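Undergrad: missing the sequence, but the structure's below:
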C-alpha cells in the first residue's frame, strides 16, 4: 500500500521527513486505538450491566487493542504506545531523551483523544446509566470506564507493588519478544504476542486496580473525565490514587529492563540460535514431547 500511496502525487505534499513528527503522529494514532477499543470494552461491560461483556472479554479487548494499535504504528514508530516502554527504550539507548519526550507526549495526546471518542460513542448510554450524573463512586459510577481506581481492599503500598510488578513483567516479556539473540518473534507477529502478554497480565493481575501499567492510558483519560463533567474527584478518589498508575509503571518498566538485562540478556550466547548451548536443545526437545 505504501508504494501505491507514493504514486499519488497530490498526497506527497503532506509527507514529512521530520522524525519527531512522524513518531508523534504514529504513536498518537496507535495509542488512540488502544484506548478507544480498550476503554470502549469497559464501557460496554459497565453500561450494559455485564449483559454485553464480561471481565474476560475486557481483558481480551485490551490485548487485541494493543495488537491493533501496534500494527497501525509499528512501521513508523516501533509502537511503544506506553511511556514505560519508551523509558525502557531510552534506558537501553534505543532512543534519545528528545525522542522520549516526543513519544510520551504523543501517547498522552492519543490517549486523550481515545477517551474523548469513547465518551462520544457512549454519550447517550452514559447519560441514561448515570441519570445525567457523572459519578466516580457508587452503583452508577462511570469514571472507572476511563481510568483505573483501586478496589476497596487495596492500600497504597500494595497498589505501588502491584503496578511495579505488573509493568516489570510486561517489560521483561516485551524485551524477550524483540530480542534477536533470544527466542525472538518474527517482526510481523510481534504485535500479536505482545497483545497476548497484555492479556496474560490482565488475567493474572487485574483484580486490584485493573492493571493500568501505562501512564498515558490512565492519566490522559483521567484528565479528560475531570474536564468532561466528573470533576476533580477523579484525582481525590482512592486517597489520591491517581499518581500511582502514573509513576509506578515507569519505575516498573525500569525494573523490568534491569531484570532482563542482568538475568537474561547478558547470558545469551553470541550469534543467537546457531550458538545455543546443548541444554537449550534438551529443554526444547523435552517440551515438544
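TA: Perfect, thanks for sending it. Remember, it's a predicted structure, so these values are computed and weren't measured experimentally.
Undergrad: When you work out contacts or count neighbours from here on, use the C-alpha atoms and nothing else.
TA: Noted.
Undergrad: The helix or strand hosting residue 31 - what's its average pLDDT?
TA: If you go by DSSP states H and E, residue 31 is part of helix 19-47. What helix 19-47 shows for mean pLDDT is 96.
Undergrad: Show me what it is packed up against.
TA: helix 55-77, helix 97-121, helix 123-130 (3 or more Cα pairs under 8 Å, 6 or more residues apart in numbering; DSSP states H and E).
Undergrad: what is the orientation angle of it with helix 123-130?
TA: 40 degrees (axes from the mean of the first three to the mean of the last three Cα atoms, to 10 degrees).
Undergrad: buried ones in helix 19-47?
TA: 20, 22-47 (16 or more other Cα atoms under 10 Å).
Undergrad: Check stretch 164-181 too.
TA: Of the residues in stretch 164-181, those buried (16+ other Cα under 10 Å) are 164-178, 181.
Undergrad: Quick one: mean pLDDT over stretch 167-181.
TA: Stretch 167-181 shows a mean pLDDT of 95.
Undergrad: Show me what it is in contact with.
TA: By Cα atoms under 8 Å, 6 or more residues apart in numbering, the residues outside stretch 167-181 that reach it are 84-85, 88, 182-185, 187, 190, 193-194, 197-198, 201, 213, 249-250, 252-257, 259-260, 268-273.
Undergrad: just to confirm, which helix or strand has residue 256 in it?
TA: Per DSSP H and E: helix 244-263 holds residue 256.
Undergrad: same deal with residue 17?
TA: Using DSSP H and E, no element contains residue 17; it sits outside every helix and strand.
Undergrad: Contacts only, for the spatially closest residue to residue 254 that is not a sequence neighbour.
TA: Residue nearest to residue 254 in three dimensions, not counting chain neighbours: residue 88, with 5.9 Å by Cα to Cα, 6 or more residues apart in numbering. Listed by Cα under 8 Å, 6+ apart, the contact set of residue 88 reads 171, 253, 254, 257.
Undergrad: Need those residues in JSON lines (columns: distance to residue 130).
TA: Formatted as JSON lines, the contacts of residue 88 follow (distance: Cα to Cα, whole Å):
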{"residue": "171", "distance to residue 130": "37"}
{"residue": "253", "distance to residue 130": "36"}
{"residue": "254", "distance to residue 130": "40"}
{"residue": "257", "distance to residue 130": "43"}
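Undergrad: which among the residues you listed gets closest to residue 112?
TA: residue 253 (21.9 Å; Cα to Cα).
Undergrad: Verify the stated contact: that closest one with residue 82.
TA: No - here residue 253 lies out of contact with residue 82, judged by Cα atoms under 8 Å, at a distance of 10.0 Å.
Undergrad: who has more neighbours, the two?
TA: Neighbours were counted for residue 253 and for residue 82 using other Cα atoms under 10 Å; residue 253 has more, 31 against 24.
Undergrad: Among the contacts of stretch 167-181, the buried ones, what's the ChimeraX command?
TA: Selecting only the buried entries of the contacts of stretch 167-181 in ChimeraX, with 16+ other Cα under 10 Å as the criterion:
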select :84,85,88,182,184,185,190,193,194,197,198,201,213,249,250,252,253,254,255,256,257,259,260,268
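Undergrad: and residue 150, helix, strand or coil?
TA: coil (DSSP: H, G, I helix; E, B strand; the rest coil).
Undergrad: what about the closest residue to it other than its chain neighbours, how many neighbours?
TA: Distance criterion Cα to Cα, 6+ apart; nearest residue to residue 150, sequence neighbours excluded, is residue 209 at 4.5 Å. A count of neighbours around residue 209, defined by other Cα under 10 Å, yields 19.
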